[in-house]
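Participant: Give me coordinates for this.
(one chain, ligands or ions: 1)
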Amino acid sequence: MQGPIVIIVEHARGEIRPSAYELMTLAGKIRETTGAETRAVMLGKEIQGAAERYSTACAVPVTAVSDARLRDYNAELYTMVLVDILRGMKPSYVCVSHSSQGSDFAPGLALRLSAACISSVEGMHDGENGLRFYRSIFGGKMRAEIKPAKATTMLTLQPGSFKPHAAGAEAEARVHAYDVTIPDPAFGSLVIKTAPSEGIDLSEAKVLVAAGRGINAEENLDLLQQLADQFPQSATCGSRPIIDAGWMPYSRQVGITGTTVSPSLYIACGISGSAQHVSGMRGAGFVVSINSDPGAAIFNVSDICIVEDLTAFMPLFIENIKSHRAADSI
Ligand SMILES: Cc1cc2nc3c(=O)[nH]c(=O)nc-3n(C[C@H](O)[C@H](O)[C@H](O)COP(=O)(O)OP(=O)(O)OC[C@H]3O[C@@H](n4cnc5c(N)ncnc54)[C@H](O)[C@@H]3O)c2cc1C
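Facilitator: Below you'll find the model as predicted:
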């Protein structure tokens with residue numbers, strides 16, 4: 001008899017992250033093959049209401065640990081409490097979101113449980129010799145297929161890889177409080193500040209023009225802004241190197257550690273297509289990518305692939321749009 005599939009539900013002070021519902025979809029797919037039951041675990045402060053919401057929406061029993069010291073994420077306490085719970089559950093799979101939080105505690109937790117750890121999972125299939133999980137490697141240029149070889153496997157799921165679980169008929173909430181002695185942590189967060197946002201909210205923009213390292217110089221951001229200006233409800237955004245360089249504020253970062261966006265049109269300029277970036281823009285309706293490398297991974301998720309040098313292509317592209325607009329308005 002296989003041990004249960006356990007989902008670690010990520011939330012911010014009771015607000016459940018959308019990725020927690022994607023974990024339920026992953027668990028459902030594993031269950032189709034293994035038949036193992038699904039359970040969820042949630043840690044936090046006064047999380048009874050949130051645990052009930054998750055239990056109802058996903059029709060799973062939730063084990064909840066509520067303690068003031070767990071109000072905000074703390075790697076040390078999370079690992080300690082989860083080791084305690086999971087040793088008792090003897091899970092076959094533990095599903096964690098590949099967020100900054102999940103990717104922080106999952107490898108150490110796997111080590112403590114003598115479990116396998118497959119990180120940044122983007123998909124799975126039922127192979128001849130059991131389940132295989134796949135993930136991008138070499139910045140998205142290749143795909144690795146991995147077969148777990150331990151009784152317990154920790155999976156961190158790249159957000160956006162599966163559709164969120166669609167709630168069926170309202171199930172009765174099943175929440176079990178779990179008692180564990182929690183010591184004062186060696187370190188913890190004093191304050192959590194939300195980064196200030198400027199301009200249009202990225203998650204509400206209809207057209208996004210995204211800058212990657214391939215724009216090469218800060219001055220070239222002007223070209224992207226000119227392109228964005230051609231569309232209503234548009235904005236510019238960037239990949240992490242652009243934000244790290246200080247060329248755009250953090251509120252403009254798209255990706256796993258930035259914002260998740262779903263515009264009608266996403267124009268990726270000089271972006272290679274790493275899994276961390278793609279997971280933030282996978283929901284875009286139509287993707288146009290401009291990249292000088294014909295093998296760039298971003299082309300795997302693009303509707304139109306333009307193999308060109310940005311600095312040569314962009315001015316012509318903008319001029320072309322402007323002249324079409326002018327002709328249309330005559
Ligand atoms: C824990 C973690 C979290 C992360 N979170 C994020 C995140 O939220 N968002 C994010 O974006 N990244 C994130 N990253 C970083 C991510 O792994 C990649 O390093 C990053 O996305 C790469 O950005 P890029 O595509 O702009 O740059 P690169 O990978 O350097 O790609 C630049 C691209 O530009 C092309 N290019 C170069 N010159 C030109 C030219 N003249 N004309 C046209 N094309 C050109 C190149 O061919 C290349 O494909 C994270 C990484 C880690 C480890």
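Participant: Would you indicate which residues of the helix or strand containing residue 242 are buried?
Facilitator: Secondary structure from DSSP states H and E places residue 242 in helix 240-244. Buried residues in helix 240-244, counted by 16 or more other C-beta atoms under 10 Å: 240-243. (C-beta placed from N, C-alpha, C; glycine too.)
Participant: Now do the helices in the stretch 201-330 of the chain.
Facilitator: 221-228, 240-244, 275-281, 310-329 (DSSP state H, counting those that start in this stretch).
Participant: show me the contacts for residue 260.
Facilitator: Listed by C-beta atoms under 8 Å, 6 or more residues apart in numbering, the contact partners of residue 260 are 18, 159-160, 203, 254, 279-281, 283.
Participant: before we move on, back to that, then the helix holding residue 242 to CSV, C-alphas only?
Facilitator: Listed in CSV are the C-alpha atoms of helix 240-244, where the atom choice follows Å, rounded to 0.1, in the frame of the first residue of the first chain:
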residue,chain,number,x,y,z
ARG,A,240,15.2,39.4,-13.4
PRO,A,241,18.6,40.6,-14.7
ILE,A,242,16.9,43.8,-15.7
ILE,A,243,15.5,44.3,-12.2
ASP,A,244,18.8,43.2,-10.6
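Participant: for the helices of the stretch 201-330 of the chain, which one ends up most surrounded?
Facilitator: helix 275-281 (a mean of 25; mean count of other C-beta atoms under 10 Å).
Participant: That helix vs the ligand: in contact?
Facilitator: Yes: interface with the ligand: helix 275-281 contributes 276-277, 280 (C-beta under 6 Å from any ligand atom).
Participant: If we only consider these, which is nearest to residue 291?
Facilitator: Of all those, residue 291 sits closest to residue 277, with 12.5 Å by C-beta to C-beta.
Participant: nearest spatial neighbour of that closest one, skipping sequence neighbours?
Facilitator: residue 255 (4.5 Å; C-beta to C-beta, 6 or more residues apart in numbering).
Participant: and residue 238, what does it touch?
Facilitator: 210-212, 247-248, 252-254.
Participant: can you pick the most crowded of the residues you listed?
Facilitator: Taking other C-beta atoms under 10 Å as the neighbour criterion, residue 210 ranks highest of those with 33 neighbours.
Participant: So which residues make contact with the helix or strand containing residue 80?
Facilitator: Using DSSP H and E, residue 80 maps to helix 75-89. Residues from elsewhere that reach helix 75-89 (C-beta under 8 Å, 6+ apart): 3-4, 6, 8, 39, 41, 43, 63, 65, 69-70, 94, 104-105, 108-109, 112-113, 152, 178, 180, 182-183, 185-187.
Participant: Of these, which belong to strands?
Facilitator: Here DSSP state E is the test, and the contacts of helix 75-89 give 6, 8, 39, 41, 43, 63, 65, 94 as lying in strands.
Participant: Thought residue 65 was touching the fifth one, still the case?
Facilitator: Same thing as residue 43. Yes: if you go by C-beta atoms under 8 Å, residue 43 and residue 65 touch, sitting 4.8 Å apart.
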